[in-house]
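> okay, here's the prediction I keep looking at, along with the sequence it came from:
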Amino acid sequence: MTDLTDSTLLRERCFVAGAWIDADDGGRSPVTNPATGATITHVPRCGAEETARAIAAAEAAFPGWRAETAGRRAALLRRWFELILENREDLALLMTLEQGKPLAEARGEIDYAASYVEWFAEEAKRLYGDVIPSPLPDRRIVVVKEPVGVCAAITPWNFPAAMITRKAAPALAAGCTMIVKPAEQTPLSALALAALAERAGIPPGVFSVVTGSARQIGAVLTASTAVRKLTFTGSTEVGRLLIGQCAGTVKRLSMELGGNAPFIVFDDADLDAAVAGALASKYRNAGQTCVCSNRFLVQDGIYDRFAARLSEAVAAMTVGNGLEDGVQQGPLIDAAALAKVEDLVADATRSGATVAVGGRRHALGGTWFEPTVLTGVTASMRVAVEEIFGPVAPLIRFTDEAEAVRLANDSDYGLAAYLFTRDHARVWRVGEALEYGMVGINTGLISTAVAPFGGVKQSGFGREGSRYGIEDYVEIKYLCMGGL
Ligand SMILES: NC(=O)C1=CN([C@@H]2O[C@H](COP(=O)(O)OP(=O)(O)OC[C@H]3O[C@@H](n4cnc5c(N)ncnc54)[C@H](OP(=O)(O)O)[C@@H]3O)[C@@H](O)[C@H]2O)C=CC1
Ligand SMILES: O=C(O)CCCC(=O)O
């Protein structure tokens, strides 16, 4: 880890109540580099007691933080944003080491993570209320927005920095305090962000990071009456469990869960743009993104040309350790992820799909899987139904627009969808018919801090980013002013 310019960004303790702590019982968990299998370091394996203290600190810090002016909160967030960018290289290096994504993508994620902090530092100053025309002459009806209170965030390993800032920045901007439990695989990015939040002057208890047992920490966060909101990004399975656990205390919830994004290519699409969009959407982060295209619906007339061009581009991708120059795809996060991807490809080929390119574990060994294109896939194969979370593009053939829309909507998920066509009327028809929270039209990249990110159906609820994102962290209070 000597490669870090600022070695103090490698934190091996949790950040609770403004202090860097070990687990009460001294327990520690290893953090592993998925590219080498080597242990990078260890972090505390905290449980119920440490989590309870983080909640108490967040509760104690809340009155002071909400009482700060929006301008003051904005200034502190702005400083956090600047520090994230000033330490971009170190943060990206830590991310590649613990997560495996190529360094260029890790740098991109740090910029993306910082952009949420910048955006919500600005939005902090625009949390307007409302005055509603009164039906009675002696009354005034006023609406104010107040912070929800203490918030908890449980975040995944695929975007170890951005999934934290897009929750923490709107929460802090609105005047809430927050406790984050990062994924077991990627605590170092979270702890480095906490170190920079401390450096920015964000007061003790306002932002804490607790690493350790998901089950124990989650149980305390969800059962606590002091925690007023839980925001989660991760699998639908765990999301469902957490929704159930929060029922007892009737918490506010934001759930950003799994996806099964259709990528629809119509006969009249610009083939170059569709292939470029497919590469960007499918192979980003080795396919480990909830908005990655999961199934390609390709119309008869363009199917063979699209398959050939995509396969050619995919065959040319450079796979390797994300720290090496020019690498476009790193390893999968762990052995379980590799086994799942391998199983889905095997199931598809057994059911009649053909491997156009890739299809196997990579010769590098470890948890690398070859960038893959499958042709002859049908909508009922598991690879088209389940979230792949790997670098596999299954190509399904369709005949007309109605069939494309039917296939696209035939899913329990509803996060992102993509469509490629030159027909403007079809853009509107299909864009409106898709039961998804986000639709990319002639583009494979939709993520930006200024747009609302989120899904429908079993992909969850709530929106992150944009001017809507801060609304998830405020309560609306109605003041009825009588006696005038
Ligand atoms: N929507 C998305 O962005 C993501 C989707 N996924 C999907 O989920 C699949 C499995 O990935 P996985 O990492 O297991 O995702 P999980 O949903 O299990 O993990 C996401 C977060 O939830 C935490 N968590 C897990 N179980 C509990 C629990 N009982 N109580 C509280 N917190 C809990 C994890 O902690 P810990 O790491 O300590 O277990 C992690 O911080 C992927 O293959 C993919 O299909 C995964 C990640 C992100
Ligand atoms: O997989 C996720 O949940 C992270 C989405 C990354 C993005 O914002 O594009």
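Thanks, I have it. Ligands and ions are numbered 1, 2, ... in the order given.
> only C-alpha atoms from now on, for both contacts and neighbour counts.
OK.
> burial of Pro391, as a residue count?
Other residues near Pro391 number 29, with proximity taken as other Cα atoms under 10 Å.
> could you give the number of residues near the nearest residue to it once chain neighbours are set aside?
Spatial nearest neighbour of Pro391, excluding adjacent residues (Cα to Cα, 6 or more residues apart in numbering): Gly287 at 4.6 Å. By other Cα under 10 Å, 25 other residues sit near Gly287.
> spit out the contact partners of Gly287.
For Gly287, the contact set (Cα atoms under 8 Å, 6 or more residues apart in numbering) comprises Ile388, Phe389, Gly390, Pro391, Val392.
> shouldn't Arg79 be in contact with Leu196?
No. Using Cα atoms under 8 Å, Arg79 is not in contact with Leu196, being 9.1 Å away.
> could you report the neighbour count for the residue of the stretch 51-200 of the chain found nearest ligand 2?
Closest to ligand 2 within the stretch 51-200 of the chain is Phe159: 5.7 Å, counting by Cα to the nearest ligand atom. For Phe159, the neighbour count with other Cα under 10 Å is 23.
> go on, Leu196?
Count around Leu196 with other Cα under 10 Å applied: 19.
> what of Glu86?
11.
> let me know the pLDDT of it.
Looking at Glu86, its pLDDT is 98.
> now Ala408: which helix or strand?
Here Ala408, judged by DSSP states H and E, is contained in helix 401-409.
> model confidence over that helix, on average?
Averaged across helix 401-409, pLDDT comes to 98.
> quick one: contacts of that helix?
Here helix 401-409 makes contact (Cα under 8 Å, 6+ apart) with Pro262, Ile264, Leu297, Ala379, Phe398, Val430, Ala433, Leu434, Glu435.
> look at the residue of the stretch 301-450 of the chain found nearest ligand 2 and tell me its secondary structure.
Ligand 2 sits closest to Ser447 of the stretch 301-450 of the chain, with a gap of 4.7 Å, by Cα to the nearest ligand atom. Using DSSP: H, G, I helix; E, B strand; the rest coil, the structure places Ser447 in coil.
> end to end, how far does stretch 375-382 reach?
14 Å (Cα to Cα, to the nearest Å).
> I meant to write stretch 330-339 there.
Using Cα to Cα, the end-to-end distance of stretch 330-339 comes to 16 Å.
> and the contacts of it?
Outside stretch 330-339, the residues within contact range by Cα under 8 Å, 6+ apart are 34-35, 99-102, 285-286, 288, 319-322, 361, 366-369, 389-390.
> what bridges to Ile179?
When assigned by DSSP bridges, Ile179 has beta-bridge partners Ala152, Ser208.
> identify the residues contacting it.
Ala54, Ile55, Ala58, Val150, Cys151, Ala152, Ala153, Phe207, Ser208, Val209, Val210.
> how near is it to ligand 1?
Computed as Cα to the nearest ligand atom, to the nearest Å, the Ile179 to ligand 1 distance reads 12 Å.
> same question, Leu323
Distance of Leu323 to ligand 1, given as Cα to the nearest ligand atom: 22 Å.
> could you give the number of residues near the nearest residue to that residue once chain neighbours are set aside?
Sequence neighbours aside, Leu103 is the residue nearest to Leu323 in space, at 5.7 Å (criterion: Cα to Cα, 6+ apart). When neighbours are counted by other Cα under 10 Å, Leu103 registers 25.
> what's the following helix or strand after the host helix or strand of Ala58?
Taking DSSP H and E as the criterion, Ala58 maps to helix 48-67. The helix or strand immediately downstream of helix 48-67 is helix 70-86, counting by DSSP H and E.
> output the contacting helices and strands for that next one.
The contact analysis (3 or more Cα pairs under 8 Å, 6 or more residues apart in numbering; DSSP states H and E) places helix 70-86 against helix 103-123, helix 162-174, helix 187-200.
> try it again at 10 Å.
With contacts taken as 3 or more Cα pairs under 10 Å, 6 or more residues apart in numbering; DSSP states H and E, helix 70-86 sits against helix 48-67, helix 88-99, helix 103-123, helix 162-174, helix 187-200.
> distance check, the nearest residue to Glu109 once chain neighbours are set aside against Tyr112.
Of all residues not flanking Glu109 in the chain, Ala162 sits nearest, at 6.4 Å (Cα to Cα, 6+ apart). As judged by Cα to Cα, Ala162 and Tyr112 stand 6 Å apart.
> again with Asp347
Asp347 is 36 Å from Tyr112, by Cα to Cα.
> for the spatially most central residue of the chain, what are its contacts?
Residue closest to the average C-alpha location in the chain (Cα atoms, centre = their mean): Met163, at 4.5 Å. Met163 makes contacts with 109, 112-113, 116, 153-157, 182, 190, 232-234, 256, 464, as judged by Cα atoms under 10 Å, 6 or more residues apart in numbering.
> and which of these is nearest to Ala168?
Set against Ala168, the nearest of the contacts of Met163 by Cα to Cα is Ala153 (8.0 Å).
> tell me the pLDDT of that closest one.
Confidence at Ala153, expressed as pLDDT, is 99.
> do Asn260 as well
On the pLDDT scale, Asn260 is placed at 98.
> please list the residues of the stretch 251-400 of the chain that sit near ligand 2.
Residues of the stretch 251-400 of the chain lying close to ligand 2 by Cα under 6 Å from any ligand atom are Thr289, Cys290, Val291.
> and if we set it to 5 Å?
Thr289, Cys290 (Cα under 5 Å from any ligand atom).
> okay, helices next: where are they in the stretch 251-400 of the chain?
Ranges of helices within the stretch 251-400 of the chain are 271-283, 300-315, 335-350, 382-385, based on DSSP state H, counting those that start in this stretch.
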